[in-house]
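Enquirer: have a look at this prediction, sequence included:
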Amino acid sequence: MNVSVEVLTLRADLDGRWSYRRATAVPSHGESPDDAARRTAGAVPGVLHSTSWRYRPEGQVVLTYAVCPDPEPGLPATPLSTLEIARGPAPDAPAPERIEVDHVVAHAVQHLAFLMSTDPVVREALMEWPEIAMALDTGEFDFMST
């Protein structure tokens, strides 16, 4: 089975709007997915965190990592159109019928918001960027009702 690493570098503006850059890599022989994500991201000023995985029909497992904040904020980025995540059609069918990159990015943002409220190490790291901390603490993520 093939494994690939997807790195989403995330940024938020002062209005709480998210944008991202996406890069992919295949771990080199003997390289862990974490190390492949670090290599792909370059310098990581804040948090590098594995946020999800998905299986592709061609036999590939994609491990997604979020890097926040974006280490290269001057580079062009794709605006995130919605914070909607993809969901499976039934409780016993967790894989969504279709997954778009925006769904994966929204899931990564939601995952970071969850970590902000549950992981003191991640919270401390992300609090260094007020626009990121504010965008993750909007109240839009109610983890008790999901």
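Expert: Everything's here; your move. As the structure is a prediction and not an experimental result, all values here were calculated from the model.

Enquirer: C-alpha from now on. contacts and neighbour counts both.
Expert: Noted.

Enquirer: do a quick rundown of the strands in this protein.
Expert: 2-12, 18-25, 47-56, 60-68, 78-79 (DSSP state E).

Enquirer: quick one: the shortest one to chain centroid distance?
Expert: Relative to the centre of its chain, strand 78-79 is centred 14 Å away, using CA atoms, centre = their mean, to the nearest Å.

Enquirer: quick check: mean pLDDT of that strand?
Expert: The average pLDDT within strand 78-79 is 98.

Enquirer: neighbouring strands - and their directions - for that strand?
Expert: Strand 78-79 pairs in its sheet with strand 18-25 (antiparallel), by DSSP bridges.

Enquirer: and the strand it pairs with, what's buried?
Expert: By neighbour count on 16 or more other CA atoms under 10 Å, the buried set for strand 18-25 is 18, 19, 20, 21, 22, 24, 25.

Enquirer: same check on stretch 76-92?
Expert: Using 16+ other CA under 10 Å as the test for burial, stretch 76-92 gives 77, 80, 83, 85, 86.

Enquirer: of these, which is the nearest to residue 124?
Expert: Nearest to residue 124 among the buried residues of stretch 76-92: residue 83, at 23.5 Å, using CA to CA.

Enquirer: how far away is the closest one from residue 103?
Expert: 7 Å (CA to CA, to the nearest Å).

Enquirer: again, but for residue 55
Expert: Residue 55 sits 15 Å away from residue 103, going by CA to CA.

Enquirer: and residue 115, by the same measure?
Expert: Counting by CA to CA, the separation of residue 115 from residue 103 is 18 Å.

Enquirer: kindly report the same for residue 53.
Expert: For residue 53 relative to residue 103 (CA to CA), the value is 12 Å.

Enquirer: who has more neighbours, those two?
Expert: residue 103 (19 against 15; other CA atoms under 10 Å).
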